[in-house]
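Undergrad: My questions concern the predicted model and sequence given below.
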Amino acid sequence: MQGGGYKAWRPTLLDSPVSAPASPADSAVSITTTPTPAAPLYTIRQTPNAGRAVFATRRIAANTLLCTASDLSITVLLRDYRKEVCAHCFFYDRGTTLPLRDPSTNLVFCSHLCQETWLAQAGDLGVQAWTAAERLSKGKSGEQRDEDYDMVDPGLPRPTTQEIAVAWETASSVAAQIRLARAGMSTKSTRKALAAVLREAVVPDVLAFCVSSILVAYQSPERWRRILDLVPDERPYHSFVDLVAFTRSYLQLLAVLPTELLPHATPETLITASSRDSHNSFGIRSLEDEGSEFFGYGCWPSASFFNHSCGPNVRKERIGREWRFVVDRGVEEGEELCISYLSGEERTMGVVGRGGRLRGTWGFVCACWRCIEGE
Ligand SMILES: C[S@@+](CC[C@H](N)C(=O)[O-])C[C@H]1O[C@@H](n2cnc3c(N)ncnc32)[C@H](O)[C@@H]1O
């Protein structure tokens, strides 16, 4: 399945396929060797024209494991794959429905271990939040989807920062009514506001992004701080339809989330999450068929400091819920350590094609050695 709709055309870091876990159970085993960004083999420094980047602090032999990123924070498993992909380790078995389904969240798991780990990490409040989102997406008359959202043309202009500010400001007055209703101050107008947002169509993948962001902000101030540290994209919404899907999801969640989460369900949380997710998240793809299935995406802040190079010296492998970064060829002390954002296509594309792709999709002029040399 080629997963239509949200994110099918959204740029993520590291979209390419990766090595398969030996078994679902293997992929659920958590490896706890995540280095801090200042681990001994590398350091993070400012560059003149490509922001921060990762540099080798010593000579490193080919095939050395540089680091493992296990700090998955905001994540979305696309609704189209929810019956086929393990919500914890992202195991996928060529489209077969996985055996263990959690009845309230409707998520599936490949093993009891994955299910228990997911439930423990989500906590009671997390489960309540995902259950509320699932009810919204499912609706009274079956699947509630905004078909217009799925059909949107990815080439549409992006909203400007001012247009983004206006859209969120407009949502805020409705939000105030809904918050009053949730606080027990029920009047005709607060009840009307709440009922109206619940009648609107749902964009399940945007809703999931918002739930995940609110939960990270609420449950893990340290992870949230690391998200804040990522380079922001001031115009993260792909179109007006996308922007409206976010403001509407915000209002819908205000109407249904557990009240403990409402202080974190704010425009500030959601704008921050979108601005950091854009250009910093990693695509989560199938491990076979050259990664043809795009299940979703996630943000691993510790892995977001690698810049792109059209001649990368680091490769990555997804093992379940983690990314491993391996030095592809021997590098010298002081050399920049880069991955490819082009899923290997840089090998066959010329300098003009690569430059156009990186500018168009990522919005930067590539400062890698190959582009500078015009190779
Ligand atoms: C995932 S972040 C990489 C870390 C980032 N440089 C930082 O300061 O946090 C991706 C962003 O880094 C910059 N970047 C990455 N590779 C680049 C390159 N080859 N040339 C210029 N800018 C690059 C772009 O701004 C891109 O949107």
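TA: Yep, that arrived.
Undergrad: For the helix or strand containing Val127, the averaged confidence score.
TA: Applying DSSP states H and E as the criterion places Val127 in helix 112-138. The pLDDT scores in helix 112-138 average 96.
Undergrad: Flag every residue of the stretch 1-150 of the chain that's near the ligand.
TA: 13, 50-53 (CB under 6 Å from any ligand atom). Quick note: C-beta positions are derived from backbone N, CA and C, even for glycine.
Undergrad: Next up, the contacts around the closest residue to the ligand within the stretch 1-150 of the chain.
TA: Closest contact between the stretch 1-150 of the chain and the ligand, by CB to the nearest ligand atom, is at Gly51 (2.7 Å). By CB atoms under 8 Å, 6 or more residues apart in numbering, the contact list for Gly51 reads 231, 307.
Undergrad: between the residues of the stretch 1-150 of the chain next to the ligand, which is nearest His279?
TA: For these, the closest approach to His279 (CB to CB) belongs to Leu13, at 7.4 Å.
Undergrad: And the pLDDT for the closest one?
TA: As summarised for this prediction, Leu13 has a pLDDT of 54.
Undergrad: count of neighbours near the nearest residue to Ala61 once chain neighbours are set aside?
TA: Using CB to CB, 6 or more residues apart in numbering and skipping the chain neighbours, the partner closest in space to Ala61 is Gly330 (5.6 Å). Gly330 has 14 neighbours, counted by other CB atoms under 10 Å.
Undergrad: Kindly report the same for Arg370.
TA: For Arg370, using other CB under 10 Å, the count is 15.
Undergrad: Show me how far the one helix or strand it maps to is from its chain's centre.
TA: Using DSSP H and E, the element containing Arg370 is helix 369-372. Here helix 369-372 is found 29 Å from its chain centre; the criterion is CA atoms, centre = their mean, to the nearest Å.
Undergrad: residues in contact with it?
TA: Residues contacting helix 369-372 (CB under 8 Å, 6+ apart): 309-311, 346, 351, 354-355.
Undergrad: Need the per-residue pLDDT for Tyr6.
TA: Looking at Tyr6, its pLDDT is 33.
Undergrad: swap that for Pro24, please
TA: pLDDT recorded at Pro24 is 34.
Undergrad: Over to the one 3 residues further on?
TA: The pLDDT attached to Ser27 in the predicted structure is 34.
Undergrad: Next: the one 5 residues further on.
TA: Model confidence at Thr32, expressed as pLDDT, equals 33.
Undergrad: Need the three-state assignment for Pro50.
TA: Just so we're on the same page, residue 50 is Ala rather than Pro. coil (DSSP: H, G, I helix; E, B strand; the rest coil).
Undergrad: from memory it sits against Asn307, does it?
TA: Yes - judged on CB atoms under 8 Å, Ala50 makes contact with Asn307 at a distance of 5.2 Å.
Undergrad: Please say which of these two ends up with more neighbours.
TA: A side-by-side neighbour count of Ala50 and Asn307, using other CB under 10 Å, places Asn307 first with 20 against 17.
Undergrad: Can you show me the helices along the stretch 151-300 of the chain?
TA: Ranges of helices in the stretch 151-300 of the chain, per DSSP state H, counting those that start in this stretch, are 161-182, 188-199, 204-219, 221-228, 240-256, 267-277.
Undergrad: Dump those into TSV; add mean neighbour count as well.
TA: Listed next are these as TSV, based on neighbours: other CB atoms under 10 Å:
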stretch	mean neighbour count
helix 161-182	16
helix 188-199	15
helix 204-219	24
helix 221-228	16
helix 240-256	22
helix 267-277	21
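Undergrad: Now Lys83: closest residue in space, sequence neighbours ignored.
TA: Thr97 (4.8 Å).
Undergrad: quick one: contacts for the one you found?
TA: Thr97 sits next to 83-84, 108 when contact means CB under 8 Å, 6+ apart.
Undergrad: count of neighbours near Ser220?
TA: There are 15 residues near Ser220, going by other CB under 10 Å.
Undergrad: Quick check, Ser292 in contact with Ser343.
TA: No - with contact defined as CB under 8 Å, Ser292 does not reach Ser343; the gap is 11.4 Å.
Undergrad: which of those two has more neighbours?
TA: Ser343 (14 against 11).
Undergrad: State the helix or strand in which the more buried one lies.
TA: Ser343 belongs to no helix or strand, assigned by DSSP H and E.
Undergrad: gap between it and Gly355?
TA: Going from Ser343 to Gly355 by CB to CB, to the nearest Å gives 16 Å.
Undergrad: what do you get for Met185?
TA: For Met185, the distance to Gly355 equals 56 Å [CB to CB].
Undergrad: neighbours around the nearest residue to Arg235 once chain neighbours are set aside, how many?
TA: Using CB to CB, 6+ apart and skipping residues adjacent in sequence, the residue nearest Arg235 is Arg158, 4.8 Å away. Number of residues near Arg158 (other CB under 10 Å) recorded here: 18.
Undergrad: is it true that Arg158 touches His238?
TA: Yes - Arg158 is within contact range of His238, at 6.2 Å (criterion: CB under 8 Å).
Undergrad: dump the residue contacts of the residue minimising distance to the centre of the chain.
TA: Closest to where the C-alpha atoms of the chain average out (CA atoms, centre = their mean) is Gly298, at 3.0 Å. Contacts for Gly298 (CB under 8 Å, 6+ apart) come out as 72-76, 281-282, 284.
Undergrad: what do you get for Leu243?
TA: So, once contact is read as CB under 8 Å, 6+ apart, Leu243 ends up touching 159, 163-164, 167, 237.
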